[in-house]
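> what follows is a protein structure lacking sequence information:
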């Protein structure tokens, strides 16, 4: 895909995380990074044919403290600045980056511009930091448009090391290596080497005549229940009877299997009867839920559990938050939307 040099405008949003920190030259403690200090540490930014503005979220937030209100703030900032910029780069901590990217993909409807999340394993300015290359490449991707003025990657993504991945397909896989993220069930949207090779045929295509939509209402009354051998009936019942519970993500075995205990079937069936939404996703990083393939999954089907195909836990949780927030008590519509991709988060 031919890329046109167009002096794109990119908004760089600082939210926190390792990439937003640097070492104080006097105390050697990690301190928040200013844009001026970033320019000193990464002078190559000035060589990019990109007009960069910055928006710091103050105070910075550790990604472990990310909550839906943070996603609302972030999505609203992009929405409010959407007309002024060609792309957006979000500097974010790695621990919950896949959750944030998934959430933003649902909160920003009909997105026609790049929103690229990136971060680093080592703070910028420190020896062997991966922040410099991640930052520079993320900016270049956010500014990439074709000769017709269309963004090459018009969706919410994560760029790390050399890979650009759909945000809601991505999971943090490693806390020590620079290749911290992986999209197990969907190909990379771009790969950075000597050149950046874009797989534009894999990207979502916005409807040109429709504007960007902002959805910020969420509901976080959701539980994640990972099945394991010897799980306690009393604990499962306690979870399924939490006051105000709206949905449960069941992390099932293999292609969507579960123990055949009568008590488990009964508990799930009773939860379904109370309009608690039950979504199955596999514990395996690669593959999908295909309930009914084995006898061990038939009880789940009978109890009203929905198959989540190859969705990640991060996307399953944030998709449920979005759907319940958007559709409220319309459980039938929520269940129907769970079976279909909304932002490319699953394969049917």
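Sure thing, it's come through. As the structure is a prediction and not an experimental result, all values here were calculated from the model. Numbering: from 1, shown residues only.
> and what about residue 22, helix, strand or coil?
When classified by DSSP: H, G, I helix; E, B strand; the rest coil, residue 22 comes out as strand.
> for the closest residue to residue 222 other than its chain neighbours, grab phi and psi.
With C-beta to C-beta, 6 or more residues apart in numbering as the measure, residue 247 is the residue that lies nearest to residue 222, at 4.8 Å, once sequence neighbours are left out. For every residue, glycine as well, the C-beta is placed using N, CA and C. Main-chain dihedrals, residue 247, degrees, to the nearest 10: phi -160, psi 160.
> in contact with residue 247, which residues?
Going by C-beta atoms under 8 Å, 6 or more residues apart in numbering, residue 247 touches 221-223, 276-279, 320, 324.
> again, 7 Å this time
Residues counted as contacts of residue 247 (C-beta atoms under 7 Å, 6 or more residues apart in numbering) are 222, 276-277, 279, 320, 324.
> all helices of the chain, in order?
Listed in chain order, the helices of the chain (DSSP state H) span residues 35-41, 68-80, 97-107, 131-142, 233-240, 262-273, 298-303, 313-327, 331-338.
> mind checking which of these is nearest residue 346?
helix 313-327 (7.3 Å; C-beta to C-beta).
> so what touches the closest one?
68, 98-99, 102-103, 106-107, 168, 171, 215, 217-220, 222, 224, 246-247, 249, 251, 277, 279, 281, 308, 333-334, 337-338, 342, 345.
> swap in stretch 15-22?
Under the criterion C-beta under 7 Å, 6+ apart, external residues in contact with stretch 15-22 comprise 14, 30-33, 37, 41, 57, 60-63, 74, 90-94, 118-125, 131, 135.
> which among these end up buried?
When neighbours are counted using 16 or more other C-beta atoms under 10 Å, those contain these buried positions: 14, 33, 41, 57, 60-61, 63, 74, 90-94, 118-121, 123-125, 131, 135.
> which of those residues fall in strands?
Using DSSP state E, the members of the buried ones among the contacts of stretch 15-22 that fall within strands are 14, 90-91, 118.
> if we can go back for a sec, and the helices of the chain, which is most packed in?
Burial among the helices of the chain, expressed as mean neighbours by mean count of other C-beta atoms under 10 Å, is greatest for helix 97-107, which shows a mean of 28.
> model confidence over that one, on average?
In this model, helix 97-107 carries a mean pLDDT of 98.
> tilt between it and helix 313-327?
Between the axis of helix 97-107 and that of helix 313-327 there is an angle of 30 degrees, by axes from the mean of the first three to the mean of the last three C-alpha atoms, to 10 degrees.
> wait, isn't residue 151 in contact with residue 112?
Yes - the pair residue 151 and residue 112 passes the contact test of C-beta atoms under 7 Å, sitting 6.4 Å apart.
> between those two, which one's more packed in?
residue 151 (22 against 18; other C-beta atoms under 10 Å).
> report the separation between the more buried one and residue 145.
Using C-beta to C-beta, to the nearest Å, one gets 6 Å for the distance from residue 151 to residue 145.
> repeat that for residue 68.
Noted for residue 68: a distance of 32 Å to residue 145, by C-beta to C-beta.
> wait, residue 171 touches residue 312, no?
Yes - Residue 171 is within contact range of residue 312, at 5.3 Å (criterion: C-beta under 7 Å).
> more neighbours, the two?
The residue with more neighbours, out of residue 171 and residue 312, is residue 312; 25 against 21, by other C-beta under 10 Å.
> pretty sure residue 288 is in contact with residue 307, am I right?
No - distance between residue 288 and residue 307: 8.2 Å, which falls outside the contact criterion (C-beta under 7 Å).
> which of these two has more neighbours?
Comparing residue 288 with residue 307 by other C-beta under 10 Å, the one with more neighbours is residue 307, at 24 against 18.
> just list whatever residues bridge to the more buried one.
Beta bridges link residue 307 to residue 280, judged by DSSP bridges.
> separation between it and residue 291?
Using C-beta to C-beta, we find residue 307 at a distance of 5 Å from residue 291.
> shared neighbours of these two, anything?
Taking C-beta under 7 Å, 6+ apart as the contact criterion, the common neighbours of residue 307 and residue 291 are 256, 280.
> count of neighbours near the closest residue to residue 123 other than its chain neighbours?
In space, not counting the residues next to it along the chain, residue 123 is nearest to residue 21; the distance is 4.6 Å by C-beta to C-beta, 6+ apart. Around residue 21 there are 23 other residues, counting by other C-beta under 10 Å.
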